[in-house]
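S.K.: Would you be able to build a 3D model of this:
(one chain, ligands or ions: 1)
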Amino acid sequence: MTPPNRNPRHRTPRQHPPARGGNPTRRAALALLSAVLDRHRPLEEALDALPPSDPRDRAAAHRIAAAVLRRLGSLDAVLEPLLRREPPPEVRQALRIGAAELLLLATPPHAAVASCVDLVPRPFAGLVNAVLRKVATDGPQALEELDGERLDTPGWLWTAWHKSYGPAVRAIARAHRQPAPLDLSLKPGTALPEGAVLLPTGTARLPAGTRITELPVFAEGNAWAQDAAAALPARLLAARPGEAVADLCAAPGGKTAQLAAAGARVVAVERDPLRILRLRENLARLGLDASVVQGDATTWDPGTRFDAILLDAPCSATGTMRRHPDVPFLKRPTDVPTLARLQQPLLAHAASLLAPGGRLVFATCSLQAEEGEAQAAAAPAGLRPDPIRPEEVPGLEAAITPEGWLRTRPDLWAEQGGMDGFFIARFRAG
Ligand SMILES: C[S@@+](CC[C@H](N)C(=O)[O-])C[C@H]1O[C@@H](n2cnc3c(N)ncnc32)[C@H](O)[C@@H]1O
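M.R.: Model (predicted):
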């Protein structure tokens with residue numbers, strides 16, 4: 001899968017009259033897709049930039065845009081034989097929306113076609129109508145004959161995952177097709193929300209599409225959204241009441257909240273001032289306490305040492321594609337070595353902040369070995385591995401590597417909705 005519409009030969013130089021209008025949900029979905037695919041902006045940022053509207057319309061637009069992004073390679077392969085030349089970007093996005101609605105979202109054909117025709121400038125209405133009618137009749141068969149897992153995965157990621165995980169690359173690609181469930185971390189003592197399933201590692205899981213803001217447990221400040229795999233690094237640090245714990249690279253604060261809820265005295269360090277605001281808001285909503293510091297975790301000097309440190313390092317986030325289907329369109333192969341080079345000094349500095357015998361957990365939400373296994377293998381000499389034990393990760397015993405690290409993948413617990421891809425390594429000072 002290559003990022004679309006970058007070939008200048010395919011650009012249509014003519015200016016066209018503006019689109020005629022169309023249904024607000026599809027119009028919002030088109031704005032989201034243009035932001036991600038044409039301007040390479042994050043989907044979350046594009047959602048925030050939408051004009052105010054009914055939350056249900058936004059959620060529906062998000063659902064359509066996410067479906068297109070998850071299956072973009074397949075949808076384009078179905079559309080390709082029906083197009084004689086590359087249409088302008090907004091027409092291409094409207095066709096993708098229509099194809100996703102017809103082939104993936106079970107929208108009735110007349111509604112899918114008519115609403116996408118209304119999205120495009122008049123000169124393209126006939127083209128969109130004809131192409132989508134053809135997709136409605138022939139698309140299901142065409143889709144079935146494609147190698148969708150491969151088409152929907154960028155080539156560089158497929159190659160890297162095949163090298164690391166062998167044939168499981170297909171299962172990973174399949175897991176990326178499904179909308180992720182809503183995973184919640186609960187404050188200790190909070191009852192399991194109605195309709196939730198308790199996963200063996202303690203996460204409460206609700207069906208995909210559940211809106212967190214409508215849950216009483218959220219309004220009461222007793223829960224926060226956190227993928228089951230994302231909850232593991234803090235769980236494995238096992239902070240105890242009263243311990244001095246540093247959470248380096250802390251925002252938006254899911255792991256800070258876990259550590260604070262465990263009763264530790266937490267210092268949360270984050271470089272980005274805007275993300276610090278979110279971290280503070282999240283802690284305030286949950287009624288949890290942590291000392292929040294704006295600083296660079298490669299140089300931060302608190303003048304003290306910690307019993308335990310969590311380093312959730314910035315990374316390519318390729319493990320989060322179930323929840324963030326825009327990741328393949330925002331990341332490039334060169335991002336991985338660049339980020340991997342930033343992770344080493346973070347780990348080295350974190351090690352220098354540990355009290356004798358202190359514990360350190362290093363984590364990245366990446367499926368790339370350079371940002372996981374290679375980082376742990378090159379850990380500074382002052383850290384000795386503290387292997388993760390099977391009883392600490394019920395149901396995920398097979399995800400423990402021979403070295404004692406934990407490697408989660410989106411295809412694990414596939415029947416229950418999968419989990420993000422994380423790498424987690426634990427060390428002790430000395
Ligand atoms: C993977 S996210 C952390 C997620 C967070 N731990 C959580 O559970 O909600 C990485 C964070 O590190 C921050 N960051 C990146 N480089 C940093 C640095 N040198 N010092 C401190 N924070 C940094 C980013 O702004 C980002 O918020």
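S.K.: Backbone dihedrals for the residue of the chain most remote from its centre, please?
M.R.: Centroid-distance maximum for the chain: Pro123 at 37.6 Å, with CA atoms, centre = their mean. The phi/psi pair for Pro123 (degrees, to the nearest 10) reads phi -60, psi -20.
S.K.: From the ligand, how far off is it?
M.R.: Using CB to the nearest ligand atom, to the nearest Å, we find Pro123 at a distance of 44 Å from the ligand. (Glycine included, C-beta is placed from N, CA and C.)
S.K.: Which pLDDT value does the model give that residue?
M.R.: Pro123 carries a pLDDT value of 96.
S.K.: ok, now Arg6?
M.R.: 40.
S.K.: cool, Leu288 as well?
M.R.: pLDDT, read off for Leu288, is 98.
S.K.: how many neighbours does it have?
M.R.: 19 (other CB atoms under 10 Å).
S.K.: Same check on the one 3 residues further on?
M.R.: Ser291 has 12 neighbouring residues, counting by other CB under 10 Å.
S.K.: For it, give me phi and psi.
M.R.: Torsion angles, degrees, to the nearest 10, at Ser291: phi -90, psi 120.
S.K.: how about the CA coordinates for stretch 28-39, as PDB?
M.R.: Presented in PDB, the C-alpha positions along stretch 28-39 are these (Å, rounded to 0.1, in the frame of the first residue of the first chain):
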ATOM      1  CA  ALA A  28     -17.300  15.100   7.900                       C
ATOM      2  CA  ALA A  29     -15.900  11.700   6.900                       C
ATOM      3  CA  LEU A  30     -14.500  13.300   3.700                       C
ATOM      4  CA  ALA A  31     -12.900  16.100   5.700                       C
ATOM      5  CA  LEU A  32     -11.200  13.500   8.000                       C
ATOM      6  CA  LEU A  33      -9.900  11.500   5.000                       C
ATOM      7  CA  SER A  34      -8.600  14.600   3.200                       C
ATOM      8  CA  ALA A  35      -6.800  15.600   6.400                       C
ATOM      9  CA  VAL A  36      -5.100  12.200   6.800                       C
ATOM     10  CA  LEU A  37      -4.500  11.100   3.200                       C
ATOM     11  CA  ASP A  38      -4.000  14.400   1.400                       C
ATOM     12  CA  ARG A  39      -2.400  16.500   4.100                       C
END
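S.K.: tell me how far it is from the chain's mean position?
M.R.: Chain-centre distance of stretch 28-39: 17 Å, with CA atoms, centre = their mean, to the nearest Å.
S.K.: now do stretch 180-188
M.R.: On CA atoms, centre = their mean, the centre of stretch 180-188 falls 15 Å from the chain's centre.
S.K.: can you list the residues that contact that stretch?
M.R.: 192-193, 196, 199, 202-210, 212, 215, 217, 221-228, 230-231, 254, 257-258, 261-262, 286, 288, 322-323, 416-418 (CB atoms under 8 Å, 6 or more residues apart in numbering).
S.K.: which bits of the stretch 201-350 of the chain sit near the ligand?
M.R.: 249-255, 269-272, 275, 296-298, 312, 314 (CB under 6 Å from any ligand atom).
S.K.: Only the buried subset of those residues, as a PyMOL command please.
M.R.: In PyMOL, a selection of the buried entries from those looks like this (16 or more other CB atoms under 10 Å):
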select buried, resi 249+250+251+252+253+254+255+269+270+271+275+297+312+314
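S.K.: Would you map the strands across the stretch 1-150 of the chain?
M.R.: Per DSSP state E, counting those that start in this stretch, the stretch 1-150 of the chain has no strands. Nothing in it meets that criterion.
S.K.: go on, the stretch 201-350 of the chain?
M.R.: 204-206, 223-225, 244-248, 265-270, 291-294, 306-312.
S.K.: picking that back up, look up how far Pro87 lies from the residue farthest from the centre of the chain.
M.R.: With distances taken as CB to CB, to the nearest Å, Pro123 is found 10 Å from Pro87.
S.K.: Would you mind finding the most buried of the strands of the stretch 201-350 of the chain?
M.R.: strand 244-248 (a mean of 27; mean count of other CB atoms under 10 Å).
S.K.: Over that strand, what's the mean pLDDT, rounded is fine.
M.R.: pLDDT averaged over strand 244-248 gives 98.
S.K.: name the helices or strands packed onto it?
M.R.: On a contact count with 3 or more CB pairs under 8 Å, 6 or more residues apart in numbering; DSSP states H and E, strand 244-248 meets helix 254-261, strand 265-270, strand 306-312, helix 335-352.
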